[in-house]
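Novice: What follows is a predicted protein model with its sequence.
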Amino acid sequence: MKTLIFQTIVEEISLDNLPLPWRDFDLKSFSKNKTLWDFQQKAIENAIKGLYLYYQQKFDFEESESLDVNNQRKEHLFELYQLNGLNVSLDYNLKKERKINKLLSEYYPQEDGKIRFSHFVNRASFWMATGSGKTLIIVKLLEILKKLIERKEIPQNDILILTCRDDLLEQLKEHIREFSSYQREI
């Protein structure tokens, strides 16, 4: 449900209407032998629009901004979810998930044994079929994130990529090598 709401929100934004630093990316090319399919390009486009929505639309990102501004961004995005049909609670119930209660409680404030969904609203994921090219999308998105950081449109932060299998991590590394070698040839 929350994925569909976010998709609805970002699809209302036209990439062509974004400022030039947010839309001058080559979304198609990947390597000498690979180009991204339309649906893969659309996933990257939606990620860019989501980043724009988060970092520019309500509160324009500034390098020296306080952590409070980021919290305001989360609240704003949460409000957009609610305005677009989120009418169920997605708060994280710590009473049901006791195994990670202590860990989450160290980083997020609790209210009535729950952590508000607004603290997690700024996360991204790609829900696509097996073999659809999610790894290619992630590598391409890393390139775009790097450029947006260099342009000072988004902050420099660590990126965490989670996977449940070592072969997927190796696949990611291989795609990064393939992408990087093509970029040096251009």
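Specialist: All right, it came through fine.
Novice: And stretch 22-35, what's buried?
Specialist: 22-23, 25, 27, 30-31 (16 or more other C-beta atoms under 10 Å). Any C-beta I mention is one placed from the backbone N, CA and C, and that applies to glycine too.
Novice: With distance to residue 133 added, can I get the residues you listed in TSV?
Specialist: TSV is the format used below for those (distance: C-beta to C-beta, whole Å):
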residue	distance to residue 133
22	23
23	22
25	17
27	13
30	9
31	12
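Novice: Tabulate those (TSV), appending distance to residue 95 and secondary structure.
Specialist: Shown next, in TSV, are the buried residues of stretch 22-35 (distance: C-beta to C-beta, whole Å; DSSP: H, G, I helix; E, B strand; the rest coil):
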residue	distance to residue 95	secondary structure
22	41	helix
23	45	coil
25	44	coil
27	44	coil
30	45	coil
31	48	coil
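Novice: Which two among the residues you listed are spaced furthest apart?
Specialist: Spatially, the most separated pair among the buried residues of stretch 22-35 is 22 and 31, at 24.2 Å (C-beta to C-beta).
Novice: Quick one: end-to-end length of stretch 147-156, please.
Specialist: With C-alpha to C-alpha, to the nearest Å as the measure, stretch 147-156 spans 11 Å from end to end.
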